[in-house]
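>>> coordinates for the following, if possible.
(chains A and B)
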Amino acid sequence: MTEQELLRRESLQKLRELGIDPYPAEMFEVTAHAADIVQNYREEVLEDGTKNRLNYTSVALAGRIMATREAGKAMFMNLQDSSGRIQLYMRREEINGGDENSPMFDTVVKKLLDLGDYVGVKGFAFRTKTGEVSVHVQEFKFLSKSLRPLPVVKKDNEGHIYDAFTDPELRYRMRYVDLTVNPEFREIFIKRTKMIKTIRAFLDELGLLEVETPILQPIHGGAAARPFKTHHNALDMPIYMRIANELYLKRLIVAGFDGVYELSKMFRNEGMDRTHNPEFSMLEFYVAYKDYYWLMDVTEQMFERIARALNSDGSTKVTVGEHEIEFAGPYKRLTMFDAIQQFTGLNVETADEAELRNYCRQHHIEIDATMGKAKLIDEIFGEKVEGNLIQPTFLIDYPVEMSPLTKKHRSKPGLVERFELFVNGKEVGNAYSELNDPIDQRERFEDQLRLAARGDEEAMAMDEDFLRALEYGMPPTAGIGFGIDRLAMLFTNQTSIQEVLFFPQMRPEV
RNA sequence: GAUCCCGUAGCUCAGUCGGUAGAGCACUUGACUUUUAAUCAAGGAGUCAUGGGUUCGAGUCCCAUCGGGAUCACCA
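The predicted model follows:
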């Protein structure tokens, strides 16, 4: 234990010896919050120059002591609660209750109270002569003693921060410390929750049913990624944590629900970086009798609503890095082929595989022998186009080979009715007119098996039960998936997924 | 998985050419009855990530390991 930790344990012992419980069981009734008092305190100056306090004349608030400033027989502290910070003012004679021999001020407050301790205080609001709204404390009580020193972050009048607690490793491992000493980061998580609540409200109003589908799956279908594998003891069988829930949600459309959505975590056993965490949140929704054009309209409405909900002024614009993104629809709709033509001058529709390979070699795009034409087009798109799509853009009509679960295009041979939504140069959503022809679906799975045989590790596995469901009949359906963490990054202007997850995955400490 | 950078007091960081450790905040003791990055005086605090190696001598140079970050690959 460090010197400071030992001292805090001694303080704890001394408090107990003085008959003060550092961890009392009974509740402390809070009647006011720091930010409310600071914002709403009112006083009037009478004709004789004295001040008359108009509100918060008796308050009880609770929180952590974040700073102390001793001034002889008086003392100032900063109390931080969930709403913000407020200054406390204490006077020796009042804290001692008029008893000259009381240890309360000189020992308990000045010596045994440490930064980070939770206290409850009762008193009245006032304005100090330097103008700061404060609470004049008449009673105080320990609510919980802190046995480890928090990092001390200081801020001056101009808002400059000193000794900022910035080490990402410490911040992510000890998010409780991070959010205590860097309370401004709480706003990111509050916005994230607001975003999710807005999405739920929007989908509920559309009449969709929120559902839960299996996280533990015998076949990891619906996407192309390496799964986490575990073992069920009683059944003595391998089981996978889901990489997607798409095939289960479609089974529910087969079951007769008009629209379903699931907002939950997926698990992919892949590399980690600033846009990937092994567990991440997805929104998927599926609506019967609709197509991908309908989904584009709905997506525009949903994003506009999220932007309005997260901006205090109700604006539809969001600043992301260098750019200001306009979320009010309609968004630009661009076919994949047109997009590539526009940004590279390359006509991928008429080009054959050899020409595409040649283009990739010339432009230093990494390819390998297993890649077919569709995959090459995807690589060119990723390298040359994706990063340019800053304002929300629907990229539509993909080659059939890249989309094994998507309905063939109603009028364009070789393409499917699929779109991806790009914002700020990154994909945030992926949608289809869902393939509901069971015979076509079986052939697509078989194509996937052939790709797997050619060495494509991302190819999808056959799911016989899903095919059986389609054979019973699935109505025409539109479906879409969004990466919730990516959306949270976008709407909170963060470049790392770890900043929008409370507890990002970390290697164990030694 | 690959490459590069980083790891020194509770926190943020210095540490020169290889000569056994420094600052600010925090902490301790004292002063101060409206301070606010409070101030003033004095003081304590370190297995320099871990393990090896080179050297008379390693925070510093070399190797390995652990942890973090960035870039890449894979993916959303």
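>>> contacting residues for the nearest residue to A:Met460 once chain neighbours are set aside?
Leaving aside its chain neighbours, A:Met460 sits nearest to A:Gln448 (4.5 Å; criterion: C-beta to C-beta, 6 or more residues apart in numbering). C-betas here are computed from N, CA, C, even on glycine. Applying C-beta atoms under 8 Å, 6 or more residues apart in numbering, we find A:Gln448 in contact with A:404, A:459-462.
>>> and those residues as TSV, adding distance to RNA strand B and pLDDT?
Below are the contacts of A:Gln448 laid out as TSV (distance: C-beta to the nearest atom of the strand, whole Å; pLDDT from 0 to 100):
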residue	distance to RNA strand B	pLDDT
A:Pro404	12	87
A:Ala459	10	72
A:Met460	10	79
A:Ala461	14	79
A:Met462	18	85
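>>> closest to A:Ile161 out of the residues you listed?
A:Met460 (49.3 Å; C-beta to C-beta).
>>> so the closest one, which of the three states?
Taking DSSP: H, G, I helix; E, B strand; the rest coil as the rule, one finds A:Met460 in the coil state.
>>> my read is that it contacts A:Gln441, right?
No: judged on C-beta atoms under 8 Å, A:Met460 makes no contact with A:Gln441 at a distance of 10.8 Å.
>>> for A:Tyr293, give its distance to RNA strand B.
A:Tyr293 sits 22 Å away from RNA strand B, going by C-beta to the nearest atom of the strand, to the nearest Å.
>>> ok, and what's touching the helix or strand hosting that residue?
In this structure, A:Tyr293 sits in helix A:292-310 according to DSSP states H and E. Helix A:292-310 is contacted from outside by A:191, A:194-195, A:198-199, A:202-203, A:206, A:287, A:314-318, A:327-331, A:333, A:392, A:394, A:396, A:417-419, A:421, A:429, A:431-433, A:478-480, A:487, A:491, using C-beta under 8 Å, 6+ apart.
>>> restricted to helices, list those residues.
A:191, A:194-195, A:198-199, A:202-203, A:487, A:491 (DSSP state H).
>>> next, give me the two most distant ones among those.
A:Lys191 and A:Leu203 (18.8 Å).
>>> for ChimeraX, what selects the buried ones among the contacts of helix A:292-310?
Buried residues among the contacts of helix A:292-310 (16 or more other C-beta atoms under 10 Å), as a ChimeraX selection:
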select /A:191,195,198,199,202,203,287,316,318,327,331,392,394,396,417,418,419,421,429,431,432,433,478,479,480,487,491
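>>> go through the contacts of helix A:292-310 and flag which are in strands.
Among those, the residues falling in strands (DSSP state E) are A:287, A:317-318, A:333, A:394, A:396, A:417-419, A:421, A:429, A:431-433, A:478-480.
>>> show me which positions of the helix holding A:Tyr293 end up buried.
Buried residues in helix A:292-310, counted by 16+ other C-beta under 10 Å: A:292, A:295-296, A:298-300, A:302-307, A:309-310.
>>> tell me the mean pLDDT for it?
Averaging pLDDT along helix A:292-310 gives 97.
>>> pull the distance from it to the chain's centre.
18 Å (C-alpha atoms, centre = their mean, to the nearest Å).
>>> with only the CA atoms kept, save it in PDB.
Taking C-alpha atoms only, helix A:292-310 is exported to PDB below (Å, rounded to 0.1, in the frame of the first residue of the first chain):
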ATOM      1  CA  TYR A 292     -35.200  -1.200 -49.700                       C
ATOM      2  CA  TYR A 293     -36.500   2.100 -51.100                       C
ATOM      3  CA  TRP A 294     -38.900   2.300 -48.100                       C
ATOM      4  CA  LEU A 295     -36.000   1.600 -45.800                       C
ATOM      5  CA  MET A 296     -34.000   4.500 -47.200                       C
ATOM      6  CA  ASP A 297     -36.900   6.900 -46.400                       C
ATOM      7  CA  VAL A 298     -37.300   5.400 -42.900                       C
ATOM      8  CA  THR A 299     -33.500   5.700 -42.300                       C
ATOM      9  CA  GLU A 300     -33.500   9.300 -43.200                       C
ATOM     10  CA  GLN A 301     -36.300  10.000 -40.800                       C
ATOM     11  CA  MET A 302     -34.700   8.000 -38.000                       C
ATOM     12  CA  PHE A 303     -31.300   9.800 -38.400                       C
ATOM     13  CA  GLU A 304     -32.900  13.200 -38.500                       C
ATOM     14  CA  ARG A 305     -34.800  12.400 -35.400                       C
ATOM     15  CA  ILE A 306     -31.600  11.200 -33.600                       C
ATOM     16  CA  ALA A 307     -29.800  14.400 -34.500                       C
ATOM     17  CA  ARG A 308     -32.600  16.600 -33.300                       C
ATOM     18  CA  ALA A 309     -32.800  14.600 -30.000                       C
ATOM     19  CA  LEU A 310     -29.100  14.900 -29.300                       C
END
